[in-house]
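A.B. asks: Just need the structure, nothing else, for what follows:
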Amino acid sequence: MPLNFSFMLLCCCCISAAQRLYDPEFHASDKASIYEQEFDKSKLAYKTKFIQKAIYDHQNPKSCQGVTMWASYGFNKGGLGGELFTIASQLSYAMQNGAVLVWARPLKSKYTSEEHDFGHLFQPLSHCELNLSAAELARLPRENEMLNLFVIPSHVDTWMKKHMPMLTHAQALFWWKTQSVAYVMRLSNQSLATIKDLRLHNQAIVSRDGASRKKKIASLKKWPSGTVNIHIRRGNKIGEMDYVPVEEYGKAYNQLVASQPLSFPKRWVYVTSDTLQVIEEAIEWLLSKSRAHTIVYSVMPRMQTGFDHFEWGQFAANNRTHNSMLLFMELLMAVEADAWIGTRMSCWGRLIDMLRCVWVDKCDAPFVEVGVLQGDDHHMYHEFFVPKHAVQYGKQMKLWAAPPSSFLKNDL
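C.D. replies: Numbering: from 1, shown residues only. You can find the predicted model right below:
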């Protein structure tokens, strides 16, 4: 199977950026000063500092008086990654129509326990929502609520064509999707505290000789330089992708470290998947090729055959919020790595690829795509985000009818 390598130098000075993953200030602010002082902006996705501040400013006007606000009730009909992408698409839809998106209250979800609100897992989408009653909010138009659809707001599209004319429309959609979902996903202070604690106490290690299998690590504060994350998706993908055999992930990993031996001196691997059986299979495969590995995986409940959102509520039972926090823990730990083996055909795989370019400055590091790519508008961008769908649905929903908001007005 052909592999898609990004042969670029690894980030060697990203400790402060990785630590920022768990910092409430980073998640709550517009990030501009943090990006300027602590991040290597050349290793972020292009124009990240500008666009993250622009989204923040649109969502947080100086005065909320007279501002149109739409409430997101989520989607709650797919996986957790799909849920987040749908809310990000709702943000795009609101911005296109000059509105501010806010979390609905209450917002119940299968990913939170009954006593918890889904929106409370994250930072407020806007400071305007903090003093609003439900009666003051307009529900997001139904057609966009039910579609996992991204359309670039027209004023953003105009700006992108000026600054990034080399991108195809599919690539531009992927860039905008990256920026919008990174804004939506900013984690709350409580979520960050929980995830940080889970990160320190829920890891297991397989030593170089394989002897300490399933031994829990007392503390793992940061990854050694050159750690590689291998993320293997299983579960119910509803026709989005064919399963890629574990062996293909292993071969991709071997090719990567063989081609760049100076970048991966310690052979540390963080294996993530939605089923323990696949993690065990990956460990066996890696150790069968070389005992010179240190392999880590997270100790957490997993579905037997992989993540199935239809069964999640019953599986997680009364611990839905806790189990969601474990999923986010695994995601952030994957983003901390220095290289990745995975596929963007998985929502979770796409989140890893996206957040490494916005939440940490590692966009120049290798992400090895093991999925089947098809031309320019391949599944890297996912079928829902191919331009022909955006144009078709955009006309049906009259997305272009409203005048643009003041978003980016000073840069157009």
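A.B. asks: show me where pLDDT drops low in the chain?
C.D. replies: Within the chain, the set of residues satisfying pLDDT under 70 comprises 1-17, 76, 131-149, 207-219, 235-241, 305-310, 312-318, 372-412.
A.B. asks: mind giving me the domain split of it?
C.D. replies: The record's domain parsing of the chain by automatic domain parsing lists 29-188+383-397, 189-381.
A.B. asks: Export those domains as CSV, with columns for mean neighbour count.
C.D. replies: C-beta coordinates here come from the backbone N, C-alpha and C atoms, glycine included. Rendered in CSV, the data for the domains of the chain read as follows (neighbours: other Cβ atoms under 10 Å):
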stretch, mean neighbour count
domain 29-188+383-397, 18
domain 189-381, 18
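A.B. asks: Ok, which of the ones you listed comes nearest Tyr22?
C.D. replies: Comparing the domains of the chain against Tyr22 with Cβ to Cβ, the closest turns out to be domain 189-381 (4.7 Å).
A.B. asks: Against Val358, how distant is the residue minimising distance to the centre of the chain?
C.D. replies: If you average the C-alpha coordinates of the chain and look for the closest C-alpha using Cα atoms, centre = their mean, you land on Leu351, 2.5 Å from that point. Here the distance between Leu351 and Val358 works out to 11 Å (Cβ to Cβ, to the nearest Å).
A.B. asks: So which other helices or strands are in contact with the helix or strand harbouring Lys251?
C.D. replies: Taking DSSP states H and E as the definition, Lys251 sits inside helix 246-259. Under the contact criterion of 3 or more Cβ pairs under 8 Å, 6 or more residues apart in numbering; DSSP states H and E, the helices and strands touching helix 246-259 comprise strand 228-232, helix 276-289, strand 339-342, strand 367-369.
A.B. asks: ok, then the element right after it?
C.D. replies: Going down the chain from helix 246-259, the next helix or strand is strand 268-273, by DSSP H and E.
A.B. asks: quick one: terminal-to-terminal distance for stretch 90-110?
C.D. replies: End-to-end distance of stretch 90-110 (Cα to Cα, to the nearest Å): 19 Å.
A.B. asks: hey, where'd the strands end up in the chain?
C.D. replies: Listed in chain order, the strands of the chain (DSSP state E) span residues 69-72, 100-103, 138-139, 203-206, 215-216, 228-232, 268-273, 294-298, 339-342, 367-369.
A.B. asks: Make CSV out of those strands and add distance to His322.
C.D. replies: Written out in CSV, the entries for the strands of the chain read as follows (distance: least, Cβ to Cβ, whole Å):
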stretch, distance to His322
strand 69-72, 23
strand 100-103, 21
strand 138-139, 30
strand 203-206, 16
strand 215-216, 18
strand 228-232, 21
strand 268-273, 18
strand 294-298, 13
strand 339-342, 25
strand 367-369, 30
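A.B. asks: just so I know, which of the ones you listed lies nearest Pro153?
C.D. replies: With Cβ to Cβ as the measure, strand 100-103 is the member of the strands of the chain nearest Pro153 (11.9 Å).
A.B. asks: returning to that earlier point: which one of the strands of the chain lies closest to Asn60?
C.D. replies: When the strands of the chain are ranked by distance to Asn60, counting by Cβ to Cβ, first place goes to strand 100-103 at 8.3 Å.
A.B. asks: Mind giving me the packing neighbours of the closest one?
C.D. replies: Secondary-structure packing of strand 100-103 (3+ Cβ pairs under 8 Å, 6+ apart): helix 48-59, strand 69-72, helix 80-96.
A.B. asks: check contacts around Phe41.
C.D. replies: Quick fix: residue 41 is Lys, not Phe. Residues in contact with Lys41 (Cβ atoms under 8 Å, 6 or more residues apart in numbering) are 35, 48-49, 361.
A.B. asks: so how far is Ser263 from it?
C.D. replies: In this structure, Lys41 lies at 22 Å from Ser263, with Cβ to Cβ as the measure.
A.B. asks: hmm, back to that, which one of the domains of the chain lies nearest to Leu21?
C.D. replies: That would be domain 189-381 among the domains of the chain, by Cβ to Cβ, at 5.2 Å.
A.B. asks: where along the stretch 1-150 of the chain do the helices fall?
C.D. replies: With DSSP state H, counting those that start in this stretch applied, the stretch 1-150 of the chain shows helices at 15-20, 24-28, 32-38, 48-59, 80-96, 142-145, listed in chain order.
A.B. asks: Kindly reformat those as TSV containing distance to Gln203.
C.D. replies: Conversion of the helices of the stretch 1-150 of the chain to TSV gives the following (distance: least, Cβ to Cβ, whole Å):
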stretch	distance to Gln203
helix 15-20	16
helix 24-28	23
helix 32-38	26
helix 48-59	29
helix 80-96	21
helix 142-145	38
